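Novice: following is a predicted model, sequence given first.
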Amino acid sequence: AQTIHQWPVAEIKAVGSPLSLGCTIKGKSSPNLYWYWQATGGTLQQLFYSITVGQVESVVQLNLSASRPKDDQFILSTEKLLLSHSGFYLCAWSSRGTGQLYFGEGSKLTVL
Amino acid sequence: GQQVQQSPASLVLQEGENAELQCNFSTSLNSMQWFYQRPGGSLVSLFYNPSGTKHSGRLTSTTVIKERRSSLHISSSQTTDSGTYLCALGYDTNAYKVIFGKGTHLHVLP
């Protein structure tokens, strides 16, 4: 069975500090990978997707970047956090040829 | 741009009543998925239903592509059904790009 793990579960960071959120998928080879973000009370927005190692497509620009260093790993990062980066970040995967998404438990980010 | 409209925005029911949640979209569809969002933010997938009708217990999802709508029917609602329901539409050729609706907030009273 496939599992998806996100880390950290929660972070409290200062404005201007760096950030790295991670996501690992086990039991699935060559998944499509996705990052989503939701501000408190807001709509889930897709940030990035990746269909293969080393290739990441941006959907919404939020002064964030993403990388896929390994087939099973997706990283979301920024060098300088903004207050507007606060919210809930979700990683997801899908199989090739289908749009059915499977989500991780999410990471809550508070920027002060 | 691509748009997904969920209605109603909020709904209050007495336990035992039925609920009909709608998702209307203005773009082509390559995937449609319904989720329940827990209070903490994590998502529970209810249906992956790009076309036709699917059933799961008290839940039924129907997607009619030519009418650009998908619905989620909850029969005999229970207090534990309370929460936020989201629809998600994959709109590009391979459904790599997915847009979420704003959600329907359901509150079921005992």
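Specialist: Thanks, I have the structure now.
Novice: drop to CA atoms for contacts and neighbour counts, all remaining ones
Specialist: Will do.
Novice: let me see the contact set for the most centrally placed residue in chain A.
Specialist: The centre of chain A sits closest to residue A:35, judged by CA atoms, centre = their mean, with a distance of 3.4 Å. Listed by CA atoms under 8 Å, 6 or more residues apart in numbering or on different chains, the contact partners of residue A:35 are A:46-49, A:76, A:89-92.
Novice: now swap in residue A:79 and tell me
Specialist: Taking CA under 8 Å, 6+ apart, one finds A:16-19 in contact with residue A:79.
Novice: from these, which is closest to chain B?
Specialist: residue A:19 (20.1 Å; CA to the nearest CA).
Novice: that closest one: neighbour count?
Specialist: 16 (other CA atoms under 10 Å in any protein chain shown).
Novice: do residue B:28 as well
Specialist: Neighbour number of residue B:28 under other CA under 10 Å is 15.
Novice: near chain B, which residues of chain A?
Specialist: Within chain A, the residues that sit near chain B (CA under 8 Å from any CA of the partner chain) are A:32, A:42-46, A:49, A:59, A:88, A:90, A:97-106.
Novice: just the buried ones from these?
Specialist: A:32, A:43-46, A:49, A:59, A:88, A:90, A:99-106 (16 or more other CA atoms under 10 Å in any protein chain shown).
Novice: quick one on the thing from earlier: how near is the residue nearest to the centre of chain A to chain B?
Specialist: 11 Å (CA to the nearest CA, to the nearest Å).
Novice: inside strands: which ones of the buried ones among the residues of chain A next to chain B?
Specialist: Applying DSSP state E to these, the entries found in strands are A:32, A:45-46, A:49, A:88, A:90, A:102-103.
Novice: identify the residues contacting the residue nearest to residue B:6 when sequence neighbours are not counted.
Specialist: Once flanking residues are discounted, residue B:6 sits nearest to residue B:23: 4.5 Å by CA to CA, 6 or more residues apart in numbering or on different chains. Contacts for residue B:23 (CA under 8 Å, 6+ apart) come out as B:4-7, B:69-71, B:87, B:101.
Novice: so for residue B:28, what's the pLDDT?
Specialist: Per-residue pLDDT puts residue B:28 at 82.
Novice: name the nearest residue to it, sequence neighbours excluded.
Specialist: residue B:91 (5.7 Å).
Novice: with residue A:28 instead?
Specialist: residue A:2 (5.9 Å).
Novice: got the contact list for that neighbour?
Specialist: A:25-28.
Novice: make CSV out of the residues you listed and add secondary structure and neighbour count.
Specialist: What follows is the contacts of residue A:2, written out as CSV (DSSP: H, G, I helix; E, B strand; the rest coil; neighbours: other CA atoms under 10 Å in any protein chain shown):
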residue, secondary structure, neighbour count
A:25, strand, 22
A:26, strand, 14
A:27, coil, 10
A:28, coil, 16
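Novice: report the buried residues of stretch B:71-84.
Specialist: Going by 16+ other CA under 10 Å, stretch B:71-84 has these buried residues: B:71-74, B:77-78, B:82-84.
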